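# Sequence first, predicted model second:
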Amino acid sequence: MKYLIATIILVFSLFIGWFTSAKYLEPVILSLFSPETHDKYLDIWFSIFVAIELIIILIYMTYVYKVHKSNKHLTKSSSGR
């Protein structure tokens, strides 16, 4: 059940990351960088978007790893009795 909840939160977080990037990333890019062409702007936007999504996935994978290790530890303890 923990994995299902974590996966639902992952999908929701990825959607929120996409929505936030689509709505608020342009002003941030234009204030931090001065892209000379539209192609360079798209490259910067896509790179930052991918970084945001990868951070979300990394947090998810870390959580799943911790839950898995926790369950493994509980299984070892109960089988040793």
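It's in.
# Just give me the longest helix of the protein.
helix 38-79 (DSSP state H).
# quick check: mean pLDDT across that one?
On average, the pLDDT along helix 38-79 is 86.
# Packing partners of it?
Contact partners of helix 38-79 among helices and strands, from 3 or more CB pairs under 8 Å, 6 or more residues apart in numbering; DSSP states H and E: helix 2-32. All C-beta atoms are positioned from the backbone trio N, CA, C, and that covers glycine.
# Mean confidence (pLDDT) on the helix it packs on, please.
Mean predicted confidence for helix 2-32 is 90.
# List the buried residues of it.
By 16 or more other CB atoms under 10 Å, the buried positions in helix 2-32 come out as 10, 13, 17, 21, 25, 29.
# doesn't L42 make contact with the last one?
No - contact criterion CB atoms under 8 Å: I29 and L42 do not qualify, at 10.0 Å.
# Any idea which residue is closest to the centre of the protein?
Residue closest to the average C-alpha location in the chain (CA atoms, centre = their mean): I56, at 1.2 Å.
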